[in-house]
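A.B. asks: Only the shape, not the letters, is given here:
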C-alpha cells in the first residue's frame, strides 16, 4: 500500500513540474536564431571514376628484392686469397684493434712489434699476414706498416686495397 502511495505522489510531483510556462525562454530562442541563417555553398561537381589500366607487367616488381647478377668473367679474375693456408695469430683481430709499438732491425732484416687488444706482443716481418681482410705486410718502415688487403665485393670478385698501421708510441706516452 505504501508503495502505491509513493508512486502516486511521485507522479503528481513530476506532472506539477512540467506545467510552468517559460515564455521568456521561448522568446529568447526565437529572437536569437532569426538573423542566423547559414549559407551553404553548393557541393562541387563530382567527377566520374575513371579506372586506370596497369601496363607495367614487364617491369620489375618494386616489392621483391632484386638479384645482382655478376658480370661475366669478373668473378674469377683478379687476386684471390689462399683459403687453404694456415692462419697466423694476428689474423684473428680486426686491423683497427692492432697497434704498432716499435721496430727491430738486425742484419738488414726489419721486424715490427704489434700489440693486440689483449696485450700480447707479436713480431712480424714483410710477408706476414694480419687483420681479418687477408692483409699481407708489404713494407715496414720505422713509423708505419703498409699492408695489401683483399676485399670481396657484392659480385664475388676480389680487389686489393692498401692500408697503413702507424706507430702508436706517442699516444701511449700521453696517457
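C.D. replies: Structure received. The structure presented is a predicted model; accordingly, all values stated were derived computationally and were not measured. Residues are numbered from 1 along each chain as shown.

A.B. asks: Going by residue numbers, what spans are strands in this protein?
C.D. replies: 99-106, 109-115, 121-124, 129-130, 135-140, 144-152, 158-166 (DSSP state E).

A.B. asks: and those, which is most packed in?
C.D. replies: strand 129-130 (a mean of 24; mean count of other C-beta atoms under 10 Å). C-beta coordinates here come from the backbone N, C-alpha and C atoms, glycine included.

A.B. asks: partners of that strand, with directions?
C.D. replies: Using DSSP bridges, the strands paired with strand 129-130 are strand 135-140 (antiparallel).

A.B. asks: just the helices in this structure please.
C.D. replies: Using DSSP state H, the helices of the chain run over 2-17, 23-32, 169-174.

A.B. asks: closest one to residue 101 among the ones you listed?
C.D. replies: When those are compared by C-beta to C-beta, helix 169-174 sits nearest residue 101, at 6.1 Å.

A.B. asks: Let me see the mean pLDDT of that closest one.
C.D. replies: Mean pLDDT, computed over helix 169-174, is 55.
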